[in-house]
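*Asks:* can you look at this prediction? I've put the sequence above it.
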Amino acid sequence: MTPFGVSRLCFIIVILVQGNQAIDCLAYKSGNAVTIPQNIECTLSSDLDADTIVVSGTITITMSAEIIATTIDIQAGGKIAADAVVSGGTGKGNAHGSGGGHGGRGGSPANNFLASSDAIAYGDIFNYGMYMSGSEGGGTGAGLGGGFIHIGADDVTVNGILSANGGDATGSGGGGSGGNVMLDIHNSFSGSGVILARGGDGSGGGGGGGGGRISIAHHQTPSFTGDIFADGGLGGTTETTLSASGSSMSSSSRQSSNPDSYGYLGHHNSKSWRPSTYAGSYLEMSLGTESYVTAIKTKGGSGYYVETYTVRFYNATSSSWVCY
């Protein structure tokens, strides 16, 4: 290759590298107005203050940001997002692959209970001083938590997307928990877009991330007709019913072919516990350690099924059963 050829090759490489650099959203600020054009994606790593902010493209927040303006307009096709940007966090999932916690607890991983300190819920939607983001899930390939977005303006229109979602996991990790979206609106709140702080999905045996928090304070009746979601993510594809190992079952009564031990649904592939006397019947499960129960499943068959039930737990302090 001639020296001229080498010079041209080096020049082309430099141009390509520069073309892949992230664009700072402040580059689109002119005077006291910010306009993010359609098909443009820029990064916001600090707070943003302007009179008018119009978003037709995408603002990607690297962790957290406070956006203050007189008017904020997220147009159809536009997006302000702090999705899957937080490592660690107060509600980080456990090593077995639980989801991260935030507005709600993270989902448990397959065949494991959550300890009291795992994937906890935290934060306060009524305290603007608590700038709380989401948390990372647990295990291998965990999803990252959603970030924090605080918007303060006289008038806000959301026809696009405003989101702080947790990230989906890979491998056997838990999903990241949703982040925090706070809006403080003095005048009009309109649009038909979506506002999201959803938990990420678990993968393999990983649990889903807990939902985040969305707080909207408005001083006038809003005309916003869009959707608002802060739900938890789905569990992974290999999640199963928790094992009852280390637990014991007892009941008020039982039929001989449907004993107490069949109250654990995974004990028998076709039968379950059935009382011999139905009035006042109960099934009790004693857990070996302090545990959180996040779901209860019933099973019916051959004309027998559960119509209604209540859940009670034993309070050791008062030595009494308490209805949940």
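*Replies:* Perfect, I can see it now.

*Asks:* who's the closest spatial neighbour of the most centrally placed residue in the chain, skipping the chain neighbours?
*Replies:* Ranked by distance to the mean C-alpha position of the chain (Cα atoms, centre = their mean), the top residue is residue 199 at 1.8 Å. When the adjacent residues along the chain are set aside, residue 199 lies closest to residue 209, with 3.2 Å between them (Cβ to Cβ, 6 or more residues apart in numbering). The way it works is simple: take the backbone N, C-alpha and C, and place the C-beta from them, glycine included.

*Asks:* wait, isn't that neighbour in contact with residue 139?
*Replies:* No - the pair formed by residue 209 and residue 139 falls short of the contact definition of Cβ atoms under 8 Å, at 11.9 Å.

*Asks:* shared neighbours of the two, anything?
*Replies:* Overlap of the contact sets of residue 209 and residue 139 (by Cβ atoms under 8 Å, 6 or more residues apart in numbering) consists of 93, 174.

*Asks:* neighbour count winner among the two?
*Replies:* residue 209 (45 against 25; other Cβ atoms under 10 Å).

*Asks:* distance of that one relative to residue 189?
*Replies:* Note on residue 209: its distance to residue 189, by Cβ to Cβ, to the nearest Å, is 27 Å.

*Asks:* mind listing the helices for this structure?
*Replies:* Listed from the start of the chain, the chain has helices (DSSP state H) covering 3-19.

*Asks:* domain map for it?
*Replies:* Annotated domains of the chain cover 21-229, 241-324 [automatic domain parsing].

*Asks:* most tightly surrounded among the ones you listed?
*Replies:* domain 21-229 (a mean of 23; mean count of other Cβ atoms under 10 Å).

*Asks:* same question for that domain, mean pLDDT?
*Replies:* For domain 21-229, the mean per-residue pLDDT is 94.

*Asks:* and the nearest residue to residue 189 once chain neighbours are set aside, how far is that from residue 186?
*Replies:* The shortest distance from residue 189 to any non-neighbouring residue, by Cβ to Cβ, 6+ apart, is to residue 222 (3.9 Å). As for residue 222, its distance to residue 186 is 12 Å (criterion: Cβ to Cβ).

*Asks:* show me what contacts the closest residue to residue 216 other than its chain neighbours?
*Replies:* Excluding its sequence neighbours, the residue lying closest to residue 216 (Cβ to Cβ, 6+ apart) is residue 183, at 4.7 Å. The contact partners of residue 183, by Cβ under 8 Å, 6+ apart, come to 151-152, 156, 189, 195, 215-218.

*Asks:* swap the cut-off to 7 Å and go again
*Replies:* Counting by Cβ atoms under 7 Å, 6 or more residues apart in numbering, residue 183 makes contact with 151, 156, 216-217.

*Asks:* so how far is stretch 256-269 from its chain's centroid?
*Replies:* The chain centroid and the centroid of stretch 256-269 are separated by 35 Å, computed with Cα atoms, centre = their mean, to the nearest Å.

*Asks:* so for that stretch, what's the average pLDDT?
*Replies:* 78.

*Asks:* let's see that stretch as CSV, backbone CA atoms only.
*Replies:* Taking Å, rounded to 0.1, in the frame of the first residue of the first chain, the C-alpha atoms of stretch 256-269 are listed here in CSV:
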residue,chain,number,x,y,z
SER,A,256,-57.0,-40.8,54.0
SER,A,257,-56.1,-40.6,50.3
ASN,A,258,-55.5,-36.9,50.5
PRO,A,259,-53.3,-36.2,53.5
ASP,A,260,-51.8,-33.0,54.8
SER,A,261,-48.6,-33.4,52.9
TYR,A,262,-50.5,-33.1,49.6
GLY,A,263,-51.3,-29.5,50.5
TYR,A,264,-48.0,-28.7,48.9
LEU,A,265,-49.0,-28.7,45.2
GLY,A,266,-45.8,-30.2,44.0
HIS,A,267,-46.0,-33.2,46.3
HIS,A,268,-48.3,-35.3,44.0
ASN,A,269,-48.9,-34.9,40.3
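
*Asks:* how close does the nearest residue to residue 49 once chain neighbours are set aside sit to residue 31?
*Replies:* Using Cβ to Cβ, 6+ apart and skipping the chain neighbours, the partner closest in space to residue 49 is residue 68 (4.8 Å). Between residue 68 and residue 31 the distance is 16 Å, computed by Cβ to Cβ.
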